[in-house]
Every structure is written in C-alpha cells, then in structure tokens.
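Q: fold the following.
(one chain, ligands or ions: 1)
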Amino acid sequence: MSLLAELAREIMRCQDCDLHRTSTRAVPGEGPENASIVFIGEAPGWNEDQQGRPFVGPAGQFLDQLLASANLPRDKVYITNIVKHRPPSNRDPLPAEIKACERWLDRQLETIKPKIIVTLGRYSMSKFLPSETIGKIHGVARKMDNMVVVPMYHPAAALHQGSLRKTIEADFQKLPQVLAGIEQVEVATPAAQQLSMF
Ligand code: URA
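A: Below you'll find the predicted structure:
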C-alpha cells in the first residue's frame with residue numbers, strides 16, 4: 001500500500017476531535033503521491049462528507065473549471081483540506097479542530113513533497129502565511145523553505161461574486177507559469193542560487 005493510502009486509512013480512524021462524531025466519514029484527500037501541486041481547502045462540506053472525496057460539490061465543480069483553465073488535470077494534482085471531517089452545518093472549523101488535524105496535513109505534505117502549495121481560502125492561507133491578508137497577496141507566488149505557496153480565494157467565496165470570480169480565474173491562469181518557472185530553475189540553476197529566484 002502507498003504511504004498516502006496508509007495515511008488515509010489512519011485519517012479514517014481519527015478521533016482526535018469531536019468532528020468524527022457528527023460527520024459521516026473523514027475525507028483525507030485525493031491525488032497522486034508524486035503530485036507537483038497540492039491544493040488545500042478548508043473542510044469537507046455536505047457532498048464531500050457523503051462521498052468521502054474533497055471538492056465534489058458546487059465549489060468543487062468550480063475548482064474543476066479553474067484547474068482545466070490552467071491546463072492542470074485534476075488527477076495530476078493532490079487536493080485536500082485543513083480539517084478532514086465535516087464541521088456540523090458547515091460551520092467554520094474551530095482552532096482546536098484545526099490544531100488536532102494539523103498532523104495529518106503535515107504528514108501528507110511530507111509524503112508528497114510538492115513544489116507548489118495552493119491555499120484556497122483563509123484557513124489554509126493562515127497555516128503558511130498567518131499574518132497576511134488574502135485581499136493583498138492573492139495570486140502572488142511566494143518561496144517558503146523548499147516550496148512555493150500561492151494563496152488563492154476560496155472557490156466557494158468566488159463562485160457567486162462577479163469580481164472575486166474574475167480575480168480567482170485570473171489567479172489560476174498564473175499557475176502554469178509558476179510551475180514552469182520552478183521546473184526551469186531546477187534544471188538550469190545550481191541549488192544554492194534557486195532561493196534568489198522568488
Ligand atoms: N470546500 C472546501 O474547503 N473543501 C471541500 O472539500 C469542499 C468545499
């Protein structure tokens with residue numbers, strides 16, 4: 001069994017916070033272990049809780065469109081959430097729930113070692129860029145340790161708001177360039193110089 005699949009089995013059994021009591025099942029995430037890009041949302045909603053898969057409801061359909069527009073096949077990227085069980089009535093996850101769940105995302109990222117992390121919404125942005133404001137830094141790639149973080153608005157927030165929708169669509173259009181930039185740097189530049197490229 002792959003490391004990610006083993007991790008998913010552990011996540012399915014997790015009882016570290018009370019969300020496992022009110023949800024149907026955990027939604028660990030999906031995608032290949034060698035994904036270059038990981039997308040991180042907030043928490044499963046009703047559809048995800050029913051199906052056990054991330055981003056399969058209306059926000060997921062919009063995310064699918066955004067991925068297609070950036071020439072990123074959904075089955076080539078990894079998609080997960082900050083919190084793996086659905087909060088009741090889709091309320092915001094509580095700080096204690098986020099903390100209890102943090103180890104799973106950390107292990108997923110250690111396993112996948114993505115080149116790019118795309119945060120979707122403020123909860124996942126806060127994990128990497130806690131003192132930033134999404135309105136100021138959305139769509140801007142930032143080098144952090146050995147990866148690049150690109151903060152985006154949450155697709156559910158952008159779906160029905162004309163101006164945000166255009167913004168997130170434009171931000172996704174930048175992803176192929178960010179990925180190509182990293183790959184070019186990896187091929188052409190000695191490791192010591194790579195940090196200065198971002
Ligand atoms: N919203 C999220 O943040 N994650 C999902 O999986 C679905 C909707």
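
Q: can I assume residue 80 is in contact with residue 101?
A: No: Residue 80 lies out of contact with residue 101 (C-beta atoms under 8 Å); the separation is 10.5 Å. From N, CA and C alone the C-beta is placed, and that goes for glycine too.

Q: which one of these two is surrounded by more residues?
A: The residue with more neighbours, out of residue 80 and residue 101, is residue 80; 26 against 23, by other C-beta atoms under 10 Å.

Q: over to the residue in the chain that the ligand sits nearest to: give its phi and psi.
A: Closest approach between the chain and the ligand, counting by C-beta to the nearest ligand atom: residue 41, at 2.8 Å. Torsion angles at residue 41 (phi, psi; degrees, to the nearest 10) stand at phi -90, psi -160.

Q: can you pull the contacts of it?
A: Residue 41 sits next to 54-55, 59, 79-82, 120-121, 124, 154 when contact means C-beta atoms under 8 Å, 6 or more residues apart in numbering.

Q: same thing but 10 Å
A: Applying C-beta atoms under 10 Å, 6 or more residues apart in numbering to residue 41 gives the contacts 27, 29, 48, 54-55, 59-60, 63, 79-83, 118-121, 123-124, 154-156.

Q: do residue 92 as well
A: Contacts of residue 92 (C-beta under 10 Å, 6+ apart): 42-43, 83, 98, 122-123.

Q: circling back: now intersect the contacts of residue 41 with the helices, please.
A: Judged by DSSP state H, helices contain the following of the contacts of residue 41: 48, 59-60, 63, 123-124, 155-156.

Q: show me where the chain has its strands.
A: 37-41, 78-81, 116-120, 142-144, 147-152 (DSSP state E).
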